[in-house]
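Novice: show me the folded form of this:
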Amino acid sequence: MNEQLLTVSSSPHIRASHSTGTIMRDVVIALVPAFAAGIIYFGINTAIITLICIASCVATEAVLQKYVMKRQVTVTDWSAVVTGILLAFNMPVSAPWWLAVIGSVFAIGIVKQCFGGIGQNFINPALAARAFLLASWPTRMTSSAFITDSATTATPLGLLKEGGEAAAASLPSYMDLFMGNVAGSIGEVSALAILLGGVYLIVRQVISWRIPVIFIGTVMILTLAAGQDPLYHTMAGGLMLGAFFMATDYSSSPVTVKGQIIYAVGCGVITSVIRLWGGYPEGVSYSILLMNVATPLIERYSMPRIYGEVKGDA
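Specialist: Next up, the predicted model:
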């Protein structure tokens, strides 16, 4: 008699038309405008870095699952592809190939697979890899080549942090920030491209509007209160990319409405504090990672009480 084994996986257990593969492919589609903007402004190196990250993430996941963890290889769910693209989008176009490989191995091997694979990682793999690379090779991770002439220049947030008349005169215009004609990481420069992708994900019901809107809104309110330009802080740096594509990661963000609001406000507050008073001009990555760690506590606080439930003794 054939024995039917019960397969238990991580939550959520509700089955709908949005399978993991469908969701991940939607995210890839949503990232196409930002990829196109990267090609336009940074040249062919955008494609090279992105392909290296994708190939390294997929290969690392396949090797670990097949030969180390002895599990079914799940690279066909496209999650490793998404991690590779997001990691590439958080790197400067001038980054060497080996840096992309190391970041990919760290994202998949350490952050994702060591904790059980998709749905089990408690922090965003691409952001964790970016933080690791930034701590290990800060110079290589902060040198931004500008447009296709490979000239190195400061990012808009770097110029804001620097201050002074000379820095103010060098600040790009709102239109440059909106279109992507600025220095920065591969996938964060064009606010228009990221907004198109974010709206696509919301329309497709892949993500909720709450986290990105509240995250960005919190940063705008706090920077305005501090006497800064809220629109500039919204379009410059990685705020929009992080809000739409990384803060909304299913595995590391709250599922309750109340929890999502607390989480998004926390991301916005930490980002603003680092940008305004920290030594580093950008705080999006660290804010999301810190709130990822706080997610279990947020979920515990925001989980609705079951009617009739008896409160346990302290």
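Novice: can we go C-alpha only for contacts and neighbour counts from here?
Specialist: Will do.
Novice: now the helix or strand Cys53 falls within, how far from the centre of its chain.
Specialist: For Cys53, the host element (DSSP states H and E) is helix 45-63. Computed by CA atoms, centre = their mean, to the nearest Å, the separation of helix 45-63 from the middle of its chain amounts to 17 Å.
Novice: which strands or helices does that helix pack on?
Specialist: Applying 3 or more CA pairs under 8 Å, 6 or more residues apart in numbering; DSSP states H and E, we find helix 45-63 packed against helix 20-42, helix 79-89, helix 97-105.
Novice: what mean pLDDT does the second one have?
Specialist: Taken as a whole, helix 79-89 has a mean pLDDT of 97.
Novice: any low-confidence regions in the stretch 51-200 of the chain?
Specialist: Applying pLDDT under 70 to the stretch 51-200 of the chain flags the ranges 144-154, 162-169.
Novice: so which residues of it form helices?
Specialist: Using DSSP state H, counting those that start in this stretch, the helices found in the stretch 51-200 of the chain span residues 79-89, 97-105, 125-136, 138-142, 156-162, 164-170, 174-179, 191-203.
Novice: hey, C-alpha coordinates of the first one in PDB?
Specialist: Taking Å, rounded to 0.1, in the frame of the first residue of the first chain, the C-alpha atoms of helix 79-89 are listed here in PDB:
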ATOM      1  CA  SER A  79      12.800  33.400  -5.600                       C
ATOM      2  CA  ALA A  80      16.500  33.200  -6.100                       C
ATOM      3  CA  VAL A  81      16.200  35.200  -9.300                       C
ATOM      4  CA  VAL A  82      14.400  38.000  -7.500                       C
ATOM      5  CA  THR A  83      17.000  38.000  -4.800                       C
ATOM      6  CA  GLY A  84      19.700  38.200  -7.400                       C
ATOM      7  CA  ILE A  85      18.000  41.200  -9.200                       C
ATOM      8  CA  LEU A  86      17.400  43.100  -5.900                       C
ATOM      9  CA  LEU A  87      21.000  42.500  -4.800                       C
ATOM     10  CA  ALA A  88      22.300  43.800  -8.100                       C
ATOM     11  CA  PHE A  89      20.000  46.800  -7.900                       C
END
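Novice: follow-up on the earlier one: which parts of the helix holding Cys53 are buried?
Specialist: By 16 or more other CA atoms under 10 Å, the buried positions in helix 45-63 come out as 45-47, 49-62.
Novice: fine by me, thanks again.
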